[in-house]
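In: Sequence first, predicted model second:
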Amino acid sequence: MEGKVIVITSGKGGVGKTTATSSIGAALALEGKRVAIVDMDIGLRNLDVVMGLENRIVFNIVDVVQGKCKISQAAIRDRRIENLFLIPASQSDNKDVLTTSGVERVAKQLRKEFDYVIMDSPAGIEKGFENSIVGANEALVICTPDVSAVRDADRVIGLLYSRSLTPKLIVNRIEPARVERGEMLSHEDVLDVLSIDLAGLVPMDEHVLISSNTGTPLVLQNDSKAGQAFKRIARRLNGEADLPIEAPNHKTSMWNKISKTFGFKK
Amino acid sequence: MLSRLLRRFTGQKPSKDAAKKRLQFSLIYDKLEVNDTTLTDLQNDIVSVISNYFEIDKDSFELKVKRDDNVSALVFNTPILHVKRKKCLTKSVL
């Protein structure tokens, strides 16, 4: 049976695409699937350092598309998580070295060899974005609860629809305390605005920066709330569609409970 | 906590409400940003339909996207020179 190609995209940069891609990919591998993560951000590769595989790069996705090497030569095997592979981006080339037809061909080959192929799209909606969605059968859009990220997400959702892809949304970096104070859009607000199905909700988590500092997978840290949220997203993608989506909540202190009871809500 | 209490006394709304409202309007507005050829095609289509019923001044019609606080509307304004069939209007707004 052929695998699935899932593109993870956002429009806006810096909303957590790379973290989401590496975490969801790793979580799917932990579920026992054979996973290839492909860094499509040509010229600005980052997945390799985030995943801690930067010292093992020999070939990259451009080499694969140009026929300079086989997929098996470019795919770096993760030594901590079985069945997890990374095909890195090239660092020197510009985005024009890839053709959509070439990427589509390679995506088809990858589907034969892996259960899941996760494409990490570059920011923006130019050629690199087109290349990363051309071979995809599913799409995830990620945004943070701020006006610029949500607006860009809407634009990207429109573009994906026009390519017959029905994306699902991940809302990242939710800060429950600020949502409660009315300082941050809640995920309900974001869904209201975007009218799209939800794939999952991910809270703001200090572990994300720490795990990228050391290049260790976030999903292996049981005390990371974001890591656990990405794991649940992966399970939903991997057949458990009904796994409930939990809204991140913050602990209610004694003072809050008392003040709520007496009507002067915090 | 203090900020919330303050807001309560001053009647200020949470900033996320403003964010949501602004987003909703900008997204509608973004989608209405159509290119010139689409707009010209639309104009021609509207003119041809209206011309079935009214004789209009084709040089002074205008088609624009109007944005108010609560609604966005497509406004088509044209002076009517003659009525071709039984119907009386001086200005038609679509």
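Out: Alright, I've got the coordinates.
In: Quick one: find the helix or strand in chain B with the lowest mean pLDDT.
Out: Lowest on mean pLDDT, DSSP states H and E among the helices and strands of chain B sits helix B:2-10, with a mean of 67.
In: Please tell me I have it right and residue A:166 contacts residue A:141.
Out: No: in this structure, residue A:166 is not within contact of residue A:141 by C-beta atoms under 8 Å, at 10.6 Å. Bear in mind the C-beta positions are built from the backbone N, C-alpha and C, glycine included.
In: And stretch A:133-149, what's buried?
Out: Within stretch A:133-149, the residues scored as buried using 16 or more other C-beta atoms under 10 Å in any protein chain shown are A:133-136, A:138-147, A:149.
In: quick one on the thing from earlier: and the next element down the chain from the least confident helix or strand of chain B?
Out: Stepping forward along the backbone from helix B:2-10, the first helix or strand reached (DSSP states H and E) is helix B:15-32.
In: in that following helix, what's buried?
Out: Neighbour-count burial for helix B:15-32 flags B:16, B:19-20, B:23, B:25-27 (criterion: 16+ other C-beta under 10 Å).
In: same thing with stretch A:175-193?
Out: Applying 16+ other C-beta under 10 Å to stretch A:175-193 flags A:175-176, A:178-187, A:189-190, A:193 as buried.
In: Contacts only, for residue A:197.
Out: Neighbour list for residue A:197: A:166, A:168-169 [criterion: C-beta atoms under 8 Å, 6 or more residues apart in numbering or on different chains].
In: so when I look at residue A:117, I'm seeing a helix, right?
Out: No: read with DSSP: H, G, I helix; E, B strand; the rest coil, residue A:117 is strand and lies in no helix.
In: That one against residue A:4, yeah?
Out: Yes: Residue A:117 is within contact range of residue A:4, at 7.1 Å (criterion: C-beta under 8 Å).
In: rewinding a little: which residues are common contacts for residue A:166 and residue A:141?
Out: Taking C-beta under 8 Å, 6+ apart as the criterion, residue A:166 and residue A:141 both touch residue A:160.
In: can you map out the helices along chain A?
Out: For chain A, the helices defined by DSSP state H occupy A:17-30, A:47-50, A:61-65, A:71-74, A:100-113, A:127-133, A:147-162, A:176-181, A:187-194, A:207-214, A:225-237, A:254-261.
In: coming back round to it: near chain B, list only the ones from the buried residues of stretch A:175-193.
Out: For chain B, the contacts drawn from these by C-beta under 8 Å from any C-beta of the partner chain are A:179, A:181-186, A:189, A:193.
In: from the residues you listed, which is closest to chain B?
Out: Of all those, residue A:182 has the smallest distance to chain B: 2.5 Å, by C-beta to the nearest C-beta.
In: was I right about the closest one contacting residue B:19?
Out: No: applying C-beta under 8 Å as the test, residue A:182 and residue B:19 come out as separate, 10.0 Å apart.
In: quick one on the thing from earlier: common neighbours of residue A:117 and residue A:4, please.
Out: residue A:111.
In: Quick check on the residue of chain B at minimum distance from chain A: phi, psi?
Out: Nearest residue of chain B to chain A: residue B:14, at 2.5 Å (C-beta to the nearest C-beta). Dihedral pair for residue B:14: phi -60, psi 140, per degrees, to the nearest 10.
In: Ignoring the adjacent residues along the chain, who's closest to it?
Out: residue A:182 (2.5 Å; C-beta to C-beta, 6 or more residues apart in numbering or on different chains).
In: Can you narrow the buried residues of stretch A:133-149 down to the ones near chain B?
Out: A:146-147.
In: State the helix or strand in which the most centrally placed residue in chain B lies.
Out: The centre of chain B sits closest to residue B:73, judged by C-alpha atoms, centre = their mean, with a distance of 1.9 Å. Applying DSSP H and E as the criterion places residue B:73 in strand B:72-77.
In: And that strand, how far out from the chain middle?
Out: With C-alpha atoms, centre = their mean, to the nearest Å as the basis, strand B:72-77 stands 4 Å off its chain's centre.
In: Averaged pLDDT, it. What do you get?
Out: For strand B:72-77, the mean pLDDT works out to 78.
In: Same check on stretch A:74-87?
Out: 96.
In: in it, what counts as buried?
Out: Buried, per 16+ other C-beta under 10 Å, within stretch A:74-87: A:74-76, A:78, A:81, A:83-87.
In: Spit out the contact partners of residue A:56.
Out: Per C-beta under 8 Å, 6+ apart, neighbours of residue A:56: residue A:76.
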